[in-house]
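A.B. asks: coords please:
(chains A, B, C and D)
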Protein chains: 2
Amino acid sequence: MRHNGSMNARAAITPRPSIAITRSERKRQTREALLEAALELLEDRSFGSLSLREVARSAGIVPTGFYRHFDGMEELGLALVDESFRTLRQMIRSARAGRQDTTNAIRASVAILVRHVHEHRLHFRFIARERSSGVPALRRAIHNEIRLFSSELAIDLARMPFLGDWSSEDLHMVSGLLVDTMVSTAEAILDAAPDDPAAEREIVRMAEKRLLLIALGVPRWRPSTAASGGERGERRADGPS
Amino acid sequence: MRHNGSMNARAAITPRPSIAITRSERKRQTREALLEAALELLEDRSFGSLSLREVARSAGIVPTGFYRHFDGMEELGLALVDESFRTLRQMIRSARAGRQDTTNAIRASVAILVRHVHEHRLHFRFIARERSSGVPALRRAIHNEIRLFSSELAIDLARMPFLGDWSSEDLHMVSGLLVDTMVSTAEAILDAAPDDPAAEREIVRMAEKRLLLIALGVPRWRPSTAASGGERGERRADGPS
DNA sequence: CGTTTGGGTGAACATATGTGCACCGAAAAT
DNA sequence: ATTTTCGGTGCACATATGTTCACCCAAACG
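C.D. replies: The predicted structure is shown next:
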């Protein structure tokens, strides 16, 4: 048997018949139960190895009931992507708030990342897992969202005075590097023992250092002229020999 | 049905009864057929959603025959990790050969990465996929191997003259950053249309820029004293304000 | 009130899976 | 030449899956 996890089904709707609730509200609840059931089942499996029956069961409804909410697992998956990135966008908004010197901006950003990873562990785990693995539709959706993040970051960066003369390509390069670093930091946190604050502090320290190293490179960057093209081969060997 | 791919089974052993071959050799061939069948089935699925029967079928043997080679899918997966990293280590060896200035070292490293991704596409895809997703045993095995890479890179870096006074922690920080950047570059290449050389050149350009940016930061890094500890909060805001 | 709507049910289907068992036949060992 | 070894086979079983269909019944609506 491939799926041998615990089989306890949890009621979809908390038995609170005290006040009658609207029908659409009840539907929303069950839908939510399905989404959360799926998220929790993904602790040590990939979405691709998740069965419709399993999700329905653990959400407390019968398999056929599933189709009242989604017309298949893939649609459920896309809904999860949506839900996850909604909370992620919320995080970005917080991160955009702070306006400080580089060092503190780095610290603040990493701190926000860490906090949100803890607050939305399941969502982060889901996107970290499905980002590169499994169902193509999900992978694509997630990559699009991440590229969107990176682009928004690039726009933010463009507003910074000391980056005014950078080509948009170079800006996207930095934002991509920063986003990837954040992603791998988030993955590291998710993989760390959830109750080992020392390991996590270590991850945070490293992440901050990485970002600082990148920031240190920025002032030495020779912005390429916006005319991107085949100007390969003559970038000055600027670094250490 | 969840698995609806093409069901054509491919004979495990090319029918070449001309010369009698040793039994163990024949076993090796079937084992190899199983591994490769699995690798190819992973084009758009994760290892966790791969069934023993499917692999056996597509390797050209009967399900129960599978157990003559592995005692379950997990062992197959670990064998794949081994196989994949054997070729990866070979790549590292090539990369270690070049000794040049920073810019050319970057270009050479990226070029080697790209070449090996193409030459061992299936292996790279496998580890990129299973790196963060799916079966815990595989994830752990892969992470260990990657950490090992990172550590070896750190040792190499330590030998460079201009990094002589860096703490080992900082060296690991850089090597980690470099490895992560390479990993995400490899993932980008795998995701790009396999027959779109323009997109790939773009990825390569970006990767080179990322690495150069990092290299530019290196000379400005203030090496932390080996006494790591709670010296938080007084790193000079060195970058752009 | 009566009627319609729609979330949830249960049985049923064809098909898939992991794994145990007895068996075969040729290579390997004696 | 006889026996042993061992990949590979075929069958069987219990169990899982996706999806259909006809229902049920309380909320929503007229």
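A.B. asks: Where does A:D71 fall, secondary structure wise?
C.D. replies: Counting by DSSP states H and E, there is no helix or strand that carries A:D71.
A.B. asks: My error: substitute A:I21 in the last question.
C.D. replies: A:I21 belongs to no helix or strand when assigned by DSSP H and E.
A.B. asks: Okay, buried residues for the lowest-mean-pLDDT helix or strand in chain A please.
C.D. replies: Across the helices and strands of chain A, mean confidence by mean pLDDT, DSSP states H and E is lowest for helix A:73-97: a mean of 93. By 16 or more other Cβ atoms under 10 Å in any protein chain shown, the buried positions in helix A:73-97 come out as A:73, A:76-81, A:83-85, A:88, A:91, A:95. C-beta here means a position set from N, CA and C on the backbone, and glycine is covered the same way.
A.B. asks: With respect to B:D44, which of the residues you listed is nearest?
C.D. replies: B:D44 lies nearest to A:G77 out of those, by Cβ to Cβ, at 13.7 Å.
A.B. asks: need the helices for chain A, in chain order.
C.D. replies: A:23-41, A:52-59, A:73-97, A:102-119, A:121-132, A:136-159, A:168-191, A:197-217 (DSSP state H).
A.B. asks: Next, see if the longest one gets close to DNA strand C.
C.D. replies: Which is helix A:73-97. No. Counting by Cβ under 7 Å from any atom of the strand, DNA strand C is not contacted by helix A:73-97; separation bottoms out at 13.3 Å.
A.B. asks: Could you point out which residue ranges in chain A have low pLDDT?
C.D. replies: A:1-20, A:98-99, A:225-241 (pLDDT under 70).
A.B. asks: rerun at 90
C.D. replies: Across chain A, the ranges flagged by pLDDT under 90 are A:1-21, A:90, A:92-101, A:133-134, A:223-241.
A.B. asks: Let me see the domain layout of it.
C.D. replies: If you go by automatic domain parsing, the domain ranges for chain A are A:23-68, A:77-220.
A.B. asks: TSV please, covering those domains and showing distance to B:V204.
C.D. replies: What follows is the domains of chain A, written out as TSV (distance: least, Cβ to Cβ, whole Å):
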stretch	distance to B:V204
domain A:23-68	29
domain A:77-220	12
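A.B. asks: who wins for proximity to DNA strand D among these?
C.D. replies: domain A:23-68 (3.4 Å; Cβ to the nearest atom of the strand).
A.B. asks: how long is the closest one from one end to the other?
C.D. replies: By Cα to Cα, to the nearest Å, the extent of domain A:23-68 from end to end equals 13 Å.
A.B. asks: Would that domain count as contacting chain B?
C.D. replies: Yes. Using Cβ under 8 Å from any Cβ of the partner chain, domain A:23-68 comes into contact with chain B via A:44-46, A:48-49, A:51.
A.B. asks: now those in JSON lines, with distance to B:S167 and neighbour count?
C.D. replies: Below are the residues of domain A:23-68 next to chain B laid out as JSON lines (distance: Cβ to Cβ, whole Å; neighbours: other Cβ atoms under 10 Å in any protein chain shown):
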{"residue": "A:D44", "distance to B:S167": "36", "neighbour count": "14"}
{"residue": "A:R45", "distance to B:S167": "39", "neighbour count": "21"}
{"residue": "A:S46", "distance to B:S167": "38", "neighbour count": "24"}
{"residue": "A:G48", "distance to B:S167": "42", "neighbour count": "25"}
{"residue": "A:S49", "distance to B:S167": "42", "neighbour count": "23"}
{"residue": "A:S51", "distance to B:S167": "49", "neighbour count": "15"}
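A.B. asks: Filtering those residues by proximity to DNA strand D, which remain?
C.D. replies: A:S51.
A.B. asks: Turn the residues of domain A:23-68 next to chain B into TSV, including distance to A:K209.
C.D. replies: Output for the residues of domain A:23-68 next to chain B, formatted as TSV (distance: Cβ to Cβ, whole Å):
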residue	distance to A:K209
A:D44	30
A:R45	33
A:S46	31
A:G48	35
A:S49	36
A:S51	43
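A.B. asks: which bits of chain A sit near DNA strand D?
C.D. replies: Counting by Cβ under 7 Å from any atom of the strand, chain A sits next to DNA strand D at A:1, A:3, A:20, A:22-24, A:51-54, A:57, A:63-64, A:66-67, A:72-73.
A.B. asks: which among those residues end up buried?
C.D. replies: A:52, A:54, A:57, A:66, A:73.
A.B. asks: ok, the third one to A:Y67 distance?
C.D. replies: As for A:R57, its distance to A:Y67 is 15 Å (criterion: Cβ to Cβ, to the nearest Å).
A.B. asks: With just CA atoms, put stretch A:187-199 into PDB.
C.D. replies: This file holds the C-alpha atoms of stretch A:187-199, laid out as PDB (Å, rounded to 0.1, in the frame of the first residue of the first chain):
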ATOM      1  CA  GLU A 187      13.000  26.100   2.400                       C
ATOM      2  CA  ALA A 188      15.800  25.800   5.000                       C
ATOM      3  CA  ILE A 189      13.500  27.000   7.700                       C
ATOM      4  CA  LEU A 190      10.800  24.500   6.700                       C
ATOM      5  CA  ASP A 191      13.300  21.700   6.800                       C
ATOM      6  CA  ALA A 192      14.800  22.600  10.100                       C
ATOM      7  CA  ALA A 193      13.400  20.900  13.100                       C
ATOM      8  CA  PRO A 194      10.300  23.000  14.000                       C
ATOM      9  CA  ASP A 195      11.300  23.200  17.600                       C
ATOM     10  CA  ASP A 196      15.000  23.900  17.300                       C
ATOM     11  CA  PRO A 197      15.400  27.700  17.600                       C
ATOM     12  CA  ALA A 198      19.200  27.400  17.500                       C
ATOM     13  CA  ALA A 199      19.200  25.800  14.100                       C
END
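A.B. asks: Report whether that stretch contacts chain B.
C.D. replies: Yes. If you take Cβ under 8 Å from any Cβ as the test, stretch A:187-199 does meet chain B, through A:187, A:191.
A.B. asks: can you pull the buried residues of that stretch?
C.D. replies: In stretch A:187-199, counting by 16+ other Cβ under 10 Å, buried: A:187-192.
A.B. asks: Distance from the chain centre to it, please.
C.D. replies: 17 Å (Cα atoms, centre = their mean, to the nearest Å).
A.B. asks: before we move on, what about stretch A:163-178?
C.D. replies: That offset, for stretch A:163-178, works out to 21 Å (Cα atoms, centre = their mean).
A.B. asks: And for stretch A:155-169?
C.D. replies: Worked out by Cα atoms, centre = their mean, stretch A:155-169 lies 24 Å from the chain centre.
A.B. asks: Could you check it and say which residues are buried?
C.D. replies: Applying 16+ other Cβ under 10 Å to stretch A:155-169 flags A:157, A:163, A:166, A:169 as buried.
A.B. asks: Look up how far A:V174 lies from the first one.
C.D. replies: Between A:L157 and A:V174 the distance, using Cβ to Cβ, works out to 6 Å.
A.B. asks: Next: the third one.
C.D. replies: Relative to A:V174, A:W166 is positioned 8 Å away (Cβ to Cβ).
A.B. asks: residues shared between the contacts of the two?
C.D. replies: A:L157 (Cβ atoms under 8 Å, 6 or more residues apart in numbering or on different chains).
A.B. asks: what's the neighbour count on the residue nearest to A:H69 when sequence neighbours are not counted?
C.D. replies: Using Cβ to Cβ, 6 or more residues apart in numbering or on different chains and skipping the chain neighbours, the partner closest in space to A:H69 is A:R31 (4.7 Å). Around A:R31 sit 17 other residues, with neighbours defined as other Cβ atoms under 10 Å in any protein chain shown.
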